[in-house]
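Q: my questions are about this predicted structure, shown below with the sequence.
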Amino acid sequence: MIAFKRILFPVDFSDQCRAIVPAVKAMVDRFNSELIALHVVDLPPAWFGTPEASAWAVLINADRLRQEGRIALDRFIGRELADLKVKPELLEGESAYQIAECAKEDHVDLIMMPTRGYGAFRALLLGSVTAKVLHDAECPVWTGTHAEQLTAHPPERWKNILCALEADPKDLPTLRWAAEFAAEQKAELRLVHAVRGASTLTQESDPGMHEFLFNIAREQIAKMQADAGTKFDLCLLAGAVGRVVHESAIGHSADLIIAGRGVIHKTLGKLRSSVYSIIREAPCPVISI
């Protein structure tokens, strides 16, 4: 059984962070989870003055930042999470690293965070901290794009779940996880796959190749379903992964998207480039596993 017994909620006090509070509360209530609210104090490097002066400045600034972080975290919990039992956690260092390490050390089953927050890369749709957490975390990660516009999608109202699959046996664990999760949540599950290379131009200029690409994808995913013991409806669309998943999610009124992060290269960690585009363009929350 898939159970989110312990949920980690990284808190940076941004509007996007506050916007997903209803979704966090709904998930905690649904799975009767323990909630950990984590704030990471990002201590600035010492770059000014003499070494002695810098050491004192860092010490003073660090104490002040820790105190301010603790006060802000307690205030956030009191205002936003007052009706929940919350374990506050205050760490210091590089945010994404500390989030992933906290999840590992506290045996967290799910990390919930928006895709944008504070930081030098705020202009990017997929924030740098979220991207690094997706890269490093070993547990599933729930993300909500455009969090300030996102509805909570409470789990008790989940009806349609969409699983984005690669036509690759390495995605078999994603299919099995999605099938088990949808069955436990009593939700309807559909599969979606983006057929790369089968563009409208290909369909018009070389219909034989277009049909060949679709048939190959259909056969590969059919084999995966046979191995997984599933028979879910499959949506095959030509185009870029993010756009295809977005269109399918809209068309099937998806409440949740499940996508696999996989492992494409040891140095790249647990993340595929296609997951970025799925999360960026998703019209609903995404759980990446």
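A: Happy to help now that I have it. Numbers count the residues shown, from 1 in each chain.
Q: kindly export stretch 252-260 (C-alpha atoms) in PDB.
A: Presented in PDB, the C-alpha positions along stretch 252-260 are these (Å, rounded to 0.1, in the frame of the first residue of the first chain):
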ATOM      1  CA  HIS A 252      -9.400  14.100 -19.600                       C
ATOM      2  CA  SER A 253     -10.000  16.600 -16.800                       C
ATOM      3  CA  ALA A 254      -7.100  15.200 -14.800                       C
ATOM      4  CA  ASP A 255      -6.900  16.000 -11.100                       C
ATOM      5  CA  LEU A 256      -3.400  14.700 -10.800                       C
ATOM      6  CA  ILE A 257      -0.500  13.700 -13.100                       C
ATOM      7  CA  ILE A 258       2.000  11.000 -12.200                       C
ATOM      8  CA  ALA A 259       5.400  11.000 -14.000                       C
ATOM      9  CA  GLY A 260       8.600   9.100 -13.500                       C
END
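Q: avg pLDDT for it?
A: The average pLDDT within stretch 252-260 is 94.
Q: next one: it to chain centre, how far?
A: Taking CA atoms, centre = their mean, to the nearest Å, one finds the center of stretch 252-260 at 12 Å from the center of the full chain.
Q: swap in stretch 229-240?
A: Stretch 229-240 sits 21 Å away from the centroid of its parent chain (CA atoms, centre = their mean).
Q: next: stretch 35-42.
A: Counting by CA atoms, centre = their mean, stretch 35-42 is centred 17 Å from the centre of its parent chain.
Q: quick one: contacts of that stretch?
A: For stretch 35-42, the surrounding residues in contact (CB atoms under 8 Å, 6 or more residues apart in numbering) are 6-13, 24, 28, 62, 65-66, 69, 72-73, 76-77, 81, 84-95, 98-99, 102, 106, 108. (Each C-beta comes from the backbone N, C-alpha and C, glycine too.)
Q: which ones among those are found in strands?
A: By the criterion of DSSP state E, membership of those in strands covers Arg6, Ile7, Leu8, Phe9, Pro10, Val86, Lys87, Pro88, Glu89, Leu90, Leu91, Glu92.
Q: helices or strands up against the helix or strand hosting Ser248?
A: For Ser248, the host element (DSSP states H and E) is helix 241-251. Helices and strands touching helix 241-251, by 3 or more CB pairs under 8 Å, 6 or more residues apart in numbering; DSSP states H and E, are strand 160-164, strand 188-195, strand 234-238, strand 256-259, helix 273-281.
Q: any chance of JSON lines for those, columns distance to Asp171 and mean neighbour count?
A: Compiled in JSON lines, the helices and strands packed on helix 241-251 are given as follows (distance: least, CB to CB, whole Å; neighbours: other CB atoms under 10 Å):
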{"stretch": "strand 160-164", "distance to Asp171": "9", "mean neighbour count": "25"}
{"stretch": "strand 188-195", "distance to Asp171": "9", "mean neighbour count": "22"}
{"stretch": "strand 234-238", "distance to Asp171": "13", "mean neighbour count": "18"}
{"stretch": "strand 256-259", "distance to Asp171": "9", "mean neighbour count": "26"}
{"stretch": "helix 273-281", "distance to Asp171": "11", "mean neighbour count": "20"}
